[in-house]
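Undergrad: give the three-dimensional model of this entry:
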Amino acid sequence: METPSPEQPETRLTTANTTTSSLFPIFPSSSNSTSPLPVVSSNNSQWLSNSSFTFDISAIPSTAAPAPPPESDEELLESPKDRKPAAAKYDLVHSPSRSGSGSGSDGGEGEKRARRKERRKKKKRRRDKDKLRGDEVGSRKSGVQAWAGSSTKPAKDYYFDAKGDMDNLEFGSLYRMDVARYKLQSNSDPSGLHFKFFYGTRPSIHLGEDSDLDGLDIKARSGGRYFSIKYTALERNKGFKHLKISQRKIPFVVPDEFIPLEPSSLHENDAGSSEEIEESWEDEVIKKTREFNKRSREFPHDEKVWLSFAEFQDEIARSQPQKAARLQTLEKKISILEKAVELNPDSEDLLICLLRSYRDRDTTETFLARWERILEKHSDNVRLWKEYLLVRQGEFSRFKVSDVRQIYAYAIQALSSACYKLSRQDSQIGNHVLPNSILEHIELGLTDIFVNLCRLEWQTGHKELATGLFQSQIEYSLLSPILNLTPSSKKRLFEHFWNSGGARIGENGALGWSSWLAKDEERQRNVLMQESSQEVEAGGWSGWFDPRPKESETKTELNEEAREETSIIDENMEDAPDDENNKTKDDVESLLKMLGIDVDSESHSEVKDAKVWHRWSQEELSRDGKQWMPVREHAAEEEGDEQLSRVILFEDVEDYLFSLSSQKAQFSLICQFIDLFGGKVSQWSCTNNSSWLDKILSLEVVPDQILEDLRLVKDSTELKSILNSSSDFLRDPTMMKFLKNSIVLFLEVFPRNHILEQSLLVLEELLSTTNNFSSDLVNPSRALAKSLLKKDRQDFLLCGIYAQTEAAHGNVDLARKIFDMALLSIEGAPKLDFQEKAPLLYFWYTEVEMASNSESSTQRALHILSCLGSNAKYTPFTSPLSGPQILRVRQGFKEQIKSLRPDWARGAVKESSVALVCSASLFETITSGFLCGLEVIEEAFSMVLPERRSHSLELERLWEYYIGLILRHMKQLNMSRIWKSVSQGLHVYPLNPKSFTAMLSLSSCYSVSSKVRLILDKCAQRNPSVVAWLFSISFEWGRDGSHNRIQGLFEKALTDDKLQKSVLLWRWYLAYEAEVNRNPGAARRVFFRAIHACPWSKSLWLDGFQRLSSILTLKELSDLQEVMRDKELHIRTDIYEILLQDDMEV
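TA: A predicted model of the protein is given here:
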């Protein structure tokens, strides 16, 4: 056996267990040589010393060839200087001289030793590799050969980095805390990624769901990978910072097109993405809190800053899952608001926000005590009283009609005393002409609170008291005599009128308190004159006497006789046995036995059939609809003791009387009175005012005005049957007669008021239709209109209303004669009267002509508008207009509208000016097209600030005309042309039903259902109201698969604190579950939730008996009636009456 010479180094080749391929294909690799063999040094093998076989193949870029096998950890730790050249892999060529030498046993033992040594190296390599991976998490990368700033100086001052460090590119640093613990894994494109766990083409072991933890350290193995549930929750946590990478759009630059002046511009655009580190939630909280603290110190009297600060605390509380943390945030919010109220004690918004925060923290008793203390300090604040009354009205555990009624008395007395103080201050100053805005505001709020009280009495079943309250207040504040009296003296004088038995407002023969008092004084003077004449005839002075009427003397005599009789009866009753009591007791027991009820056992007194409760509810509803008028005391005594509860005494209304000095408050009281009793009256206030909000929130049925708009959106028979309309409410001829008599007296207070006159003519028409003696061509209100015109022939607007009613019945020629007569007569009227009434008459006349659709209607309309636009004297129509006349009229309208700009800029918008703008728009629509007509109205809107526009009734009517013009020409308009105006109107008037009608009508033609739902949801979230949710639910009604959507809309609407008090929403929800969805369990739950939220609504309680009599048990139905009695709801029918009727029928 030969030994190699010492000059020639011994080289050993080690083969891996897996098959490897040679870098050069001309030298095939041997897979069978597993033992180390000596390399023979000869001259024939000098080619092995070529430099290509000693080159480090790891320096070759990865894109040039497949990924090479990774170097071992020992090789990574070696410096490039100490690193030996890689040995070439090739098949040995055996020389003939060595073919026969050697022992087989020695070769076998050497092969075993080599295998054992190789296995030990592999184990050590694995241990070092795991150690390196563990150190990479806890310290700097071990694979880095040299670090900048280290004390040990490397052998070479620089190195060539062929691969590059992707961590430095991805995270901008090599520090371990800045480098993520995971790497993106992708086999498709390995060129741009640093593969830590991928070796060559070997399949990865990290792609499996269970084996992906093998390559991670111990901490990562226990926590899971980055896509696990734990790290997903951490990713969504707001407490961590997030890296936001936004892609930049690189502009495409053609080289031959131009040369940039700044060479850095192209360099800046080279970056395709930019990184932005977002704030964590904690950083944002700290930052915003610091900003709010700074702004609150700089602007301590800015309410919006404090409200935004408090709202930010709510946002923090919503992100806190722990209840203790939320309570702590609530305490912080309360402390912020308390500081804000201390600096701004008169701010309504801050006070209400603070009180609502108290409600989330304190108990009910403490919360109400805080309310009362604040109201003591701000007793003249209308909004605080309204909020407090709404809170007390919705507390189910504390609700009783008498208690809430007493709180209303406190509110009315506090506000009326504030009004009396302000009016005395004005009288002392001598201001009898200019209205006091503060006094007017308080009186309007006081009127709204009084009307809310009347609505509450009406809805709890005390309808006679509601009617009596209205009668007493209207007589006391509108029809009172002009006397300078104190409130107490005025009430004593009014008590004499109330107890006198004279006809009150609405009753036949009513004259009003002032007229009655004048007649009563005249009657007393006549009596005194008669008595004095008798004394003169007798001669001499007979002494002082009490000038009381004979009726009072007879009453006192009767009372004395009654006292004597009762005293005698009482004396006899002391000695007499209890025979009469025993007789009455026997009668009651016999009556109960006839009904099959055993008095001794309570179980036998219960109703055995649910149909009895259903019939009881029907009878209760019937009596509730008929018995609404108060009964006089003498009539109640004649009819029986049952009618005594319907008698309204002066003590029942004394605490709710107050005086009104402003005409706006008086007219608001009148209009709301007509509206409550079902009359047809035009809108008296803007939909953004508090009176309209109170009305919408207190609705029990859908008004006809809103129902007509709902039908334009969804004309469904099922929807009509469920939505109870107020049109069925005005079917009692007695109520219509009552309203008619009242409006006639109102016209004495507000003469020539076309709103009241129109309501009166509509009532007369309904009354005639109910009595069934009218035809289509005969105007039922003609006789009443003529009688009113005989009293005042200068009432030109009444002529216009009368002409409109004639045209509505098809009498267009008669309507033209009436309009021509009024327009010819108005020329001789005063200038101020002409300016206020002429535009309305011209506009009404034009609308009648356009609605007639005759051959000459358009030319007649142009002629009428030409007289208004050119300020020419009116003449009846003879011939059509010429071109120059049309130009002259157009210019005249422009000049008149331009003259309105100063008044409109300061908010002085009158109804006549709105009629002028509508007339100009109609003129442009006829002559130039409807687009020009829209432009006229849009130009008029630009003259008013949005803040003033949102609270103007006249501008809201102009906007309704604008919406009507859009709907008439909807198919000819472009969506982009009108959608901006419609959406803007929806923002300005979010409670107007016309806004939603226009939006849904346009969306149904140009948008898909999902977009319409999104718009409706945004409207309901921005301004939650009953109107918004009515239209949202109506839009979904009747669609396939919309049951869950409708239920979600109901639940979302009723989560709002104010809308939870809406009886209309609860009744509609109950009807939907019981009749449409037919889910008894859901209907039962909705009913109990409804009566808990709105315990004052008798209609809501009776809905449970009507719709759920077959679902609720007899015990539940009986308990419901008992709870109604405990809450002091007025029940007119006893259940034993229904049982007696059944027994009589049997």
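Undergrad: what strand or helix carries Leu528?
TA: helix 513-538 (DSSP states H and E).
Undergrad: what mean pLDDT does that helix get?
TA: For helix 513-538, the mean pLDDT works out to 80.
Undergrad: now stretch 388-399
TA: pLDDT averaged over stretch 388-399 gives 92.
Undergrad: now it - C-alpha only, PDB.
TA: What follows is stretch 388-399, C-alpha atoms only, in PDB (Å, rounded to 0.1, in the frame of the first residue of the first chain):
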ATOM      1  CA  TYR A 388     -87.400  66.900  31.900                       C
ATOM      2  CA  LEU A 389     -91.000  66.300  31.100                       C
ATOM      3  CA  LEU A 390     -90.000  63.700  28.400                       C
ATOM      4  CA  VAL A 391     -87.900  62.000  31.000                       C
ATOM      5  CA  ARG A 392     -90.600  61.800  33.600                       C
ATOM      6  CA  GLN A 393     -93.200  60.800  31.100                       C
ATOM      7  CA  GLY A 394     -91.100  57.800  30.100                       C
ATOM      8  CA  GLU A 395     -90.200  56.400  33.500                       C
ATOM      9  CA  PHE A 396     -92.500  53.400  33.700                       C
ATOM     10  CA  SER A 397     -92.000  52.600  37.400                       C
ATOM     11  CA  ARG A 398     -92.800  56.200  38.400                       C
ATOM     12  CA  PHE A 399     -95.400  57.100  35.800                       C
END
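Undergrad: begin at 50 from here
TA: I'll keep to 50 as the first residue from here, and by that count the last item is stretch 437-448.
Undergrad: how about that stretch: buried residues?
TA: In terms of neighbour count (16 or more other Cβ atoms under 10 Å), stretch 437-448 has its buried residues at Tyr437, Leu438, Val440, Arg441, Gln442, Gly443, Phe448. Glycine gets a C-beta too; all of them are placed from N, C-alpha and C.
Undergrad: ok, now which ones touch Gln848?
TA: Careful, residue 848 is Cys; it's not Gln. Leu838, Ile867, Phe868, Met870, Ala871, Leu890 (Cβ atoms under 8 Å, 6 or more residues apart in numbering).
Undergrad: list the buried residues of the helix holding Leu577.
TA: Across helix 562-587, burial judged by 16+ other Cβ under 10 Å covers Trp562, Ser563, Trp565, Leu566.
Undergrad: what sits against the last one?
TA: With contacts taken as Cβ under 8 Å, 6+ apart, Leu566 has the following neighbours: Pro530, Leu542, Phe546.
Undergrad: over to the first one?
TA: Listed by Cβ under 8 Å, 6+ apart, the contact set of Trp562 reads Glu524, Tyr525, Leu528, Ser529, Pro530, Phe543, Phe546.
Undergrad: which pLDDT value belongs to Cys735?
TA: Listed pLDDT for Cys735 reads 91.
Undergrad: neighbours of the nearest residue to it once chain neighbours are set aside, how many?
TA: Nearest residue to Cys735, sequence neighbours excluded (Cβ to Cβ, 6 or more residues apart in numbering): Leu1002, at 4.7 Å. Per other Cβ atoms under 10 Å, the neighbour tally for Leu1002 reads 19.
Undergrad: returning to that earlier point: dump the buried residues of helix 562-587 to a markdown table, plus distance to Leu403.
TA: Output for the buried residues of helix 562-587, formatted as a markdown table (distance: Cβ to Cβ, whole Å):
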| residue | distance to Leu403 |
| --- | --- |
| Trp562 | 44 |
| Ser563 | 46 |
| Trp565 | 49 |
| Leu566 | 48 |
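Undergrad: show me which of those is closest to Val993.
TA: Comparing the buried residues of helix 562-587 against Val993 with Cβ to Cβ places Ser563 closest, at 40.3 Å.
Undergrad: pull the contacting residues for that closest one.
TA: Leu528, Ser529, Pro530, Ile531.
Undergrad: the same query, at a cut-off of 6 Å, please.
TA: Leu528, Pro530 (Cβ atoms under 6 Å, 6 or more residues apart in numbering).
Undergrad: separation between it and Ile365?
TA: Going from Ser563 to Ile365 by Cβ to Cβ, to the nearest Å gives 61 Å.
Undergrad: now Val696
TA: Taking Cβ to Cβ, one finds Val696 at 58 Å from Ile365.
Undergrad: neighbours around the nearest residue in space to Gln712 that is not next to it in sequence, how many?
TA: Nearest-residue entry for Gln712: Phe799, 7.8 Å, with adjacent residues in sequence omitted and distances by Cβ to Cβ, 6+ apart. For Phe799, the neighbour count with other Cβ under 10 Å is 15.
Undergrad: who's in contact with Gly494?
TA: Val431.
Undergrad: ok, which stretches of the chain are strands?
TA: Listed in chain order, the strands of the chain (DSSP state E) span 292-296, 322-326.
Undergrad: what mean pLDDT does the first one get?
TA: What it means is strand 292-296. Across strand 292-296, pLDDT averages out at 54.
Undergrad: for stretch 1086-1106, same thing?
TA: 89.
Undergrad: contacts for that stretch, please.
TA: Against stretch 1086-1106 from outside (Cβ under 6 Å, 6+ apart): 763, 765, 768, 1073, 1078, 1081-1082, 1085, 1108-1109, 1114, 1118, 1126.
Undergrad: in that stretch, what's buried?
TA: Judged by neighbour count using 16+ other Cβ under 10 Å, the buried positions of stretch 1086-1106 are Trp1086, Ser1091, Ile1095, Gln1096, Leu1098, Phe1099, Lys1101, Ala1102, Leu1103, Asp1105.
Undergrad: with stretch 868-887 instead?
TA: Across stretch 868-887, burial judged by 16+ other Cβ under 10 Å covers Phe868, Asp869, Ala871, Leu872, Ile875, Phe883, Glu885, Lys886, Ala887.
Undergrad: how long is stretch 923-935 end to end?
TA: The straight-line separation of the ends of stretch 923-935 (Cα to Cα, to the nearest Å) is 16 Å.
Undergrad: mean confidence for it?
TA: In this model, stretch 923-935 carries a mean pLDDT of 89.
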